[in-house]
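Asks: Fold the following for me, if possible:
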Amino acid sequence: MTGQQRQQAIEQAWQDLVATARRTAAEGLVVGTSGNVSVRIGGLVLVTPSGVPYEQLAAEDPVAVGLDGRQLLGDLTPTSELPLHLAVYRNTPAAAVVHTHAVHATAVSTLVPELPLIHYMAAALGGAVQVAPYALYGSDALAAGMLQALRGRTACLLQNHGTVSYGDSLAQAYDRTAQLEWMCRLWLTAGSLPGHTPTLLSEAQVREAGEKLKGYGQSG
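Replies: Numbering: from 1, shown residues only. The predicted model follows:
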């Protein structure tokens, strides 16, 4: 990749990152400047800055760090959740990470140690979604707990905090975030009727759905 091609890739990635961050706010997954988004280009991690409303981010505002956390691009301070994002990139094949404070998912994180298998789309996230124990935001302890909860998964819940999802692209990471929030809302809704308990799927049923999902969509 030439220098010009790399610059163009960075500019496009930043544009996509800002669009994704704005989407998390527009679709109610975050409020204000909460939550954060990142995308990786080789050894460079583009990430939303701390405390800046997404609608104010411009093309000339890219913020990027190396995998060691050293800032390589931009004057704005990276998100306070940078340790969380870097932990994902150092330990998974992730190309993008989305972190939100989605209401239903955060509510579930306060109630159970894992999201019950309420729907087969759990297979798209690797199975029953785990809840990482509470730790101070932006801390190494939070990142460590998150990694445990992500074992064999592409998304997890952070107790009394929110969600983390990753993927091969920003679109996939966002889709997994939205699916997780939807399943949490479904479980809370199904369990809200007094005297009734939601029917859950077995792990075998979810695995079966996972195999079928591998061929989902258009071929060719």
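Asks: can you map out the helices along this structure?
Replies: Ranges of helices within the chain are 3-26, 82-91, 103-109, 140-149, 170-190, 203-213, based on DSSP state H.
Asks: which residues touch the second one?
Replies: For helix 82-91, the surrounding residues in contact (Cβ atoms under 8 Å, 6 or more residues apart in numbering) are 36, 38, 40, 45, 47, 65, 67, 69, 79, 94, 97, 99, 138-140, 142-144, 146-147, 150, 164, 166. Where C-beta positions appear, they are placed from N, C-alpha and C, glycine not excepted.
Asks: Could I get the buried residue list for that helix?
Replies: Leu82, Pro83, Leu84, His85, Leu86, Ala87, Val88, Tyr89 (16 or more other Cβ atoms under 10 Å).
Asks: Go ahead and flag the most central residue of this structure.
Replies: Ser165 (2.5 Å; Cα atoms, centre = their mean).
Asks: Could I get the phi/psi values of the residue of the chain positioned farthest from its centre?
Replies: In terms of distance from the mean C-alpha position of the chain, Gly195 ranks first, at 34.1 Å (Cα atoms, centre = their mean). Main-chain dihedrals, Gly195, degrees, to the nearest 10: phi 80, psi 0.
Asks: Not counting stretch 6-21 itself, show me its contacts.
Replies: 1, 35-39, 41, 44, 46-48, 54, 57, 59, 61-62, 64, 73, 96, 98, 170-171, 173-174.
Asks: Quick one: buried ones out of these?
Replies: The neighbour count (16+ other Cβ under 10 Å) marks 35-39, 41, 44, 46-48, 54, 57, 61-62, 64, 73, 96, 98, 170, 173-174 as buried among these.
Asks: The residue nearest to the centre of the chain and Ser202, how far apart?
Replies: Counting by Cβ to Cβ, to the nearest Å, the gap from Ser165 to Ser202 is 24 Å.
Asks: now swap in Ala155 and tell me
Replies: Taking Cβ to Cβ, one finds Ala155 at 20 Å from Ser202.
Asks: Okay, now the unreliable bits of this protein?
Replies: 217-220 (pLDDT under 70).
Asks: what's near enough to touch His161?
Replies: If you count contacts by Cβ under 8 Å, 6+ apart, His161 has them with His101, Thr106, Ser109, Tyr134, Tyr137, Leu142.
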